[in-house]
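J.: What shape does this take:
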Amino acid sequence: TIHVFSKSCSALLFLYVSDVCFCVSVESCDSPLVSALPQSAFTSSSELSSSHGPGFAKLNRRDGAGGWSPLDSNKYQWLEIKLEQRTEITAIATQGRYGSSDWLTRYLLMFSDTGHNWRPLYIFPVL
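T.: The predicted structure is shown next:
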């Protein structure tokens with residue numbers, strides 16, 4: 001499971017976590033993991049409306065409002081993606097909300113095997 005906490009944003013917070021790859025060897029990874037996950041694999045702290053729900057947090061989504069948006073724009077908002085099994089993550093990509101100039105400016109990537117004890121993995125941008 002990956003838990004992504006927002007730290008700050010421009011206007012509203014919009015986060016897209018997608019095209020994360022599952023690799024079983026050192027060969028190139030070209031199979032997006034998140035795009036195949038059902039909307040139920042995504043949960044969040046809140047959503048601005050049903051068309052801004054966490055299930056829309058994938059790259060190149062044009063349906064709904066074009067991405068996930070939390071109800072509040074503060075550092076306490078989070079997006080969780082349940083991967084169901086231990087997975088090697090080789091890339092994380094983010095983008096702004098489709099058809100908008102809204103985008104994420106900073107985030108903290110955390111991981112957990114249990115969904116309870118979260119450990120930080122990466123802060124973007126690096127300070």
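
J.: pLDDT weak spots in this structure?
T.: The chain contains residues with pLDDT under 70 at 1-33, 122-127.

J.: please redo it, this time with the cut-off set to 80
T.: Applying pLDDT under 80 to the chain flags residues 1-36, 59-66, 73, 84-107, 113-117, 119-127.

J.: what about the strands in the chain?
T.: Secondary structure of the chain, counting by DSSP state E: strands at 2-9, 42-44, 78-81, 104-111, 119-124.

J.: which parts of the fourth one are buried?
T.: Neighbour-count burial for strand 104-111, with 16 or more other CB atoms under 10 Å as criterion, is recorded at 104, 106-111. Yep, even glycine has a C-beta here, placed from its N, CA and C like the rest.

J.: Include distance to Asn117 when you put those residues into CSV, please.
T.: Output for those, formatted as CSV (distance: CB to CB, whole Å):
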residue, distance to Asn117
Leu104, 25
Arg106, 23
Tyr107, 20
Leu108, 15
Leu109, 15
Met110, 10
Phe111, 10
